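In: pasting the sequence and the predicted model now:
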Amino acid sequence: RDPQKTIPAMQQKLEDFREYRRVRKPPKVQEKCQLEINFNTLQTKLRLSGRPAFMPSEGRMVSDIGAGWQRLEQAEKGHEEWLLTELRRLERLDHLAEKFRQKASIHEGWTEGKEVALRDRDSGTASLAQVRALLRKHEAFESDLAAHQDRVEQIAAIAQELNELDYYDSPSVNARCQKICDQWDLLGSLTHSRREALEKTEKQLETIDELHLEYAKRAAPFNNWMESAMEDLQDMFIVHTIEEIQGLIAAHDQFKSTLPDADKEREAILGIQREAQRIADLHGIQLPSNNPYTSVTPQIINSKWERVQQLVPKRDQALQEEQNRQNSNEHLRRQFGSQANRVGPWIQTKME
């Protein structure tokens, strides 16, 4: 009994056996019958002639031939049963092998491109809303991945059954199954890593978003304060007395006393932006070009602050010059008053 690897080969063996039954065996049946007839005829003739019966040598008696023939019949029956059983086994193997190939091909088609997609670090340039969308998409993929777990288990079970049934091409089946299982484990690991990366990026972007919002809340009033300050520093003034100019100088001095605190606020606001940028640089996140909550950029703040710094000494100079003019005018007024007081009585006397 020589098992074959393929159904056609096994079918050929079965056909060869049937041909033996149809073609090669019948002449032997006739030979056996003829041999029995000849033996019986010989014995009859010997008995009628009064001669002793013919005794064949051991193992060649008719009973021996009959027993050997019976063993042959049993062997033929066992061989035919083995051929049919082996053919059914090969048919089962062929069905399982085709089922394995189909399921493996479907799974391999589904996994195509998944590893590359899971390794993609597209969240590095995404906004908070985009990362949240990527997380929802990833959750859907995780559900799909879990649904395919059953197919992978079926593939492994079929491969195991093919091994147990001694499939001739088991090495290639085992190699393909192992590759699928290894890739499945890798996909599971990459899926877990991508979820962790997305959740981590989401938290980082939430922190950056909170910093952007805080920046906007503080930058807007500070920007308005600087614009008002620039308007005040460039405001034209008309005064007629020393008291009026002294009031303006006092107000200006009061304004200058607030500049250190204002500078601290400016540094704090810019520090918020720097912190957001530091977090982004640390984790490889690309910030949007503009703060989503305000159009006031650090460049605008610095530019306006620099303008305020330039206007302050100009205002100092203008106020000082006006104070000098008012002091001069006051001196002239007093001088005029003194002279008028001396001349006035003389004029009055002359008029009288």
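Out: Perfect, thanks for sending it. Numbering: from 1, shown residues only.

In: which helices and strands sit right next to whichever strand or helix holds Gln320?
Out: Assessed by DSSP states H and E, Gln320 sits inside helix 298-351. Judged by 3 or more CB pairs under 8 Å, 6 or more residues apart in numbering; DSSP states H and E, the packing partners of helix 298-351 are helix 170-233, helix 242-257, helix 259-282. Any C-beta I mention is one placed from the backbone N, CA and C, and that applies to glycine too.

In: what residue is smack in the middle of this protein?
Out: By CA atoms, centre = their mean, the chain has its centre lying nearest to Leu118, at 3.1 Å.

In: and it, how far from Ser57?
Out: Between Leu118 and Ser57 the computed distance is 83 Å (CB to CB, to the nearest Å).

In: what lies in contact with stretch 147-164?
Out: Contact with stretch 147-164 is made by 93, 96-97, 99-100, 103-104, 106-107, 110, 170, 173-174, 176-177, 180-181, 184, as judged by CB atoms under 8 Å, 6 or more residues apart in numbering.

In: and what of stretch 185-194?
Out: With contacts defined as CB under 8 Å, 6+ apart, stretch 185-194 is touched by 111, 114-115, 118-119, 138, 141-142, 145.

In: can you check stretch 280-291 too?
Out: Counting by CB under 8 Å, 6+ apart, 121, 124-125, 127, 200-201, 204-205, 208, 212, 215-216, 276-277, 279, 297 sit against stretch 280-291.

In: let's go with 7 Å and repeat that
Out: Surrounding stretch 280-291, the residues in contact under the criterion CB atoms under 7 Å, 6 or more residues apart in numbering are 124-125, 127, 204-205, 208, 212, 215-216, 276-277.

In: what two of those are the furthest from one another?
Out: The largest separation in these, counting by CB to CB, is between Gly124 and Ala216 at 23.8 Å.

In: for the stretch 201-350 of the chain, which spans come out with low pLDDT?
Out: 330-332, 336, 338, 340, 346 (pLDDT under 70).

In: and the contacts of stretch 280-291, which are buried?
Out: Buried members of the contacts of stretch 280-291, counted by 16 or more other CB atoms under 10 Å: 127, 204-205, 208, 212, 215-216, 276.

In: any chance of those residues in a markdown table, plus distance to Cys33?
Out: Shown next, in a markdown table, are the buried ones among the contacts of stretch 280-291 (distance: CB to CB, whole Å):
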| residue | distance to Cys33 |
| --- | --- |
| Ser127 | 98 |
| Gln204 | 98 |
| Leu205 | 98 |
| Ile208 | 103 |
| His212 | 108 |
| Tyr215 | 113 |
| Ala216 | 113 |
| Ala276 | 107 |
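
In: SS state for Gln294?
Out: No, residue 294 isn't Gln; it's Thr. coil (DSSP: H, G, I helix; E, B strand; the rest coil).

In: I figured it hits Ala219, correct?
Out: Yes. Thr294 is within contact range of Ala219, at 5.7 Å (criterion: CB atoms under 7 Å).

In: so which of these two has more stuff around it?
Out: Between Thr294 and Ala219, counted using other CB atoms under 10 Å, the more crowded position is Ala219 (26 against 17).

In: now the more buried one: how far from Pro298?
Out: Ala219 is 8 Å from Pro298, where distance means CB to CB.

In: again, but for Gln34
Out: Distance, Gln34 to Pro298, by CB to CB: 118 Å.

In: quick one: which of those two has more around it?
Out: Applying other CB under 10 Å to Gln34 and Pro298 shows that Pro298 carries more neighbours, namely 17 against 10.

In: on that earlier part again, between the helices and strands packed on helix 298-351, which gets nearest to Asp316?
Out: Nearest of these to Asp316, taken as CB to CB: helix 242-257 at 7.2 Å.

In: burial count for Arg24?
Out: Neighbour count of Arg24, defined by other CB under 10 Å: 10.

In: how much space between it and Lys77?
Out: Applying CB to CB to Arg24 and Lys77 gives a distance of 17 Å.

In: please apply the same query to Leu319.
Out: Computed as CB to CB, the Leu319 to Lys77 distance reads 128 Å.

In: which of those two has more neighbours?
Out: Shown here are Leu319 and Lys77; by other CB under 10 Å, Leu319 has more neighbours (19 against 10).

In: just checking, that one touches Ala251?
Out: No. Contact criterion CB under 7 Å: Leu319 and Ala251 do not qualify, at 9.6 Å.

In: can you give me the helices in the stretch 51-200 of the chain?
Out: All helices of the stretch 51-200 of the chain, identified by DSSP state H, counting those that start in this stretch, fall at 62-111, 114-119, 128-147, 149-164, 170-233.
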